[in-house]
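Participant: here you go, sequence then predicted model.
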Amino acid sequence: MSGPRGARIEDGRRLVVSSIYVWFQDDFGNGTDAAVIAHLARHALPELKKALVGFERLSGHDYDWAINAPSR
């Protein structure tokens, strides 16, 4: 995972993930925030992986609905 659309840390204390991780949380482990964070850490680039240490809960989520928009 190399971009901020999947997961990003804001203000050094908020872990914001793509809504996909919340909507389908059961698919990323045992349905807990900790399982999602473990999944993220397994696939994260080194900088994000290091930053995820210590996080136990997701702080928020968002989804870029523009990616579903028809091309013009």
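Facilitator: Structure's in. What do you need?
Participant: can you give me the buried ones in the helix or strand hosting residue 21?
Facilitator: Element membership for residue 21 (DSSP states H and E) is helix 19-23. For helix 19-23, the neighbour count (16 or more other Cβ atoms under 10 Å) marks 21, 22 as buried. All C-beta atoms are positioned from the backbone trio N, CA, C, and that covers glycine.
Participant: hmm, who's touching the helix or strand that that helix is followed by?
Facilitator: Note on helix 19-23: by DSSP H and E, the next helix or strand toward the C-terminus is helix 33-43. With contact meaning Cβ atoms under 8 Å, 6 or more residues apart in numbering, helix 33-43 is reached by 1, 6-7, 15, 17, 21, 25, 28-29, 48-49, 52, 55-58.
Participant: at 10 Å instead, please
Facilitator: Residues external to helix 33-43 that are found in contact with it (Cβ atoms under 10 Å, 6 or more residues apart in numbering): 1-2, 6-7, 15, 17-18, 21-22, 24-30, 32, 44, 48-59, 61.
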